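Colleague: predicted coordinates and the sequence they were generated for:
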Amino acid sequence: MKVRILIMLLCLTQFLFVGAQNVDFNEQKDLELKEVIELPNLTKQQIFVAVQSLLSDWHPNTNSQSSIDYADLETGTIITKGKYWVGFHKTNSFCGYDFLANYSCTIRMKDGRAQVIIKVPSIVLHWSANNTDDEVIDVQHVYPTYDGYKTRHNYTKKPMTIYGPQVPDAIRIIFNAIKQSLVKPVDDF
């Protein structure tokens with residue numbers, strides 16, 4: 001029995017950390033990660049419940065926001081949208097910019113499989129001194145490197161240079177959280 005558990009744990013850890021997880025630009029110039037997760041022992045309904053329970057109360061870090069926009073068990077689709085907080089750049093002793101990645105995540109489910117598509121179309125620079133004055137920038141201007149895109153605000157070059165290359169890591173964090181919630185053992189309570 002112990003040997004079976006050990007083998008199962010080794011296979012599970014290998015399953016979690018294997019996979020290319022390539023983040024590339026799609027036709028719309030959004031950063032995108034698209035991958036199918038094989039879940040041979042789970043039904044569409046079990047996968048749906050696991051994903052919905054994760055996303056209903058999931059915040060990858062304290063400054064991120066997310067909400068489920070669409071959930072339909074019959075079609076096996078859940079769509080969530082949100083802002084993932086990548087970092088904060090302080091510009092003076094009082095203020096700075098929050099660097100947020102706007103994302104959408106579509107999960108399509110069938111018996112034994114789930115397809116996860118995460119897209120980041122834009123970046124939000126949130127000026128901490130004014131809660132109503134956000135700057136939204138297409139992700140292609142900040143990744144893989146900042147291209148000099150001019151914004152309305154001052155002091156934006158440094159946060160875009162620092163945090164732009166980290167956007168794919170943010171996408172992978174979202175993907176890995178979803179993947180781990182699907183492969184963890186189902187508890188009766």
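Modeller: Yep, that arrived. Not measured: the values here are computed from a predicted model. Numbering: from 1, shown residues only.
Colleague: going forward, measure contacts between C-alpha atoms and count neighbours the same way
Modeller: Will do.
Colleague: how about the strands in the protein?
Modeller: 24-25, 31-38, 65-72, 77-90, 96-110, 113-127, 134-138 (DSSP state E).
Colleague: can you put these in CSV and add mean neighbour count, distance to Thr145 and mean pLDDT?
Modeller: What follows is the strands of the chain, written out as CSV (neighbours: other CA atoms under 10 Å; distance: least, CA to CA, whole Å; pLDDT from 0 to 100):
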stretch, mean neighbour count, distance to Thr145, mean pLDDT
strand 24-25, 16, 13, 86
strand 31-38, 19, 13, 93
strand 65-72, 15, 25, 88
strand 77-90, 20, 15, 89
strand 96-110, 23, 15, 91
strand 113-127, 22, 13, 91
strand 134-138, 17, 13, 86
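Colleague: so can I have TSV of those strands showing distance to Ala50?
Modeller: Below are the strands of the chain laid out as TSV (distance: least, CA to CA, whole Å):
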stretch	distance to Ala50
strand 24-25	27
strand 31-38	14
strand 65-72	12
strand 77-90	11
strand 96-110	11
strand 113-127	11
strand 134-138	32
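Colleague: closest one to Asp169 among those?
Modeller: Closest of the strands of the chain to Asp169 is strand 77-90, at 9.1 Å (criterion: CA to CA).
Colleague: correct me, but Pro165 touches His141?
Modeller: No. Using CA atoms under 8 Å, Pro165 makes no contact with His141, being 10.9 Å away.
Colleague: can you tell me which residues contact the residue lying closest to Gln166 once chain neighbours are set aside?
Modeller: Sequence neighbours aside, Val86 is the residue nearest to Gln166 in space, at 7.2 Å (criterion: CA to CA, 6 or more residues apart in numbering). Val86 sits next to 98-101, 163, 166-167, 170 when contact means CA atoms under 8 Å, 6 or more residues apart in numbering.
Colleague: could you do Tyr163 as well?
Modeller: 86-87, 99.
Colleague: hmm, 10 Å instead?
Modeller: Neighbour list for Tyr163: 86-89, 98-101, 142-143, 145-146 [criterion: CA atoms under 10 Å, 6 or more residues apart in numbering].
Colleague: pLDDT wise, what is it at?
Modeller: As predicted, Tyr163 sits at a pLDDT of 87.
Colleague: how about Gly112?
Modeller: At Gly112, pLDDT is 92.
Colleague: my guess is it contacts Val183. True?
Modeller: No. Between Gly112 and Val183 there is no contact under CA atoms under 10 Å: 11.2 Å.
Colleague: tell me, what's touching the two both at once?
Modeller: 37-39, 41-42, 47.
Colleague: which among those residues gets closest to Asn176?
Modeller: Nearest member of those to Asn176, counting by CA to CA, is Ile37, at 10.8 Å.
Colleague: hey, what's the closest one bridged with?
Modeller: Ala114 (DSSP bridges).
Colleague: noted, bye for now.
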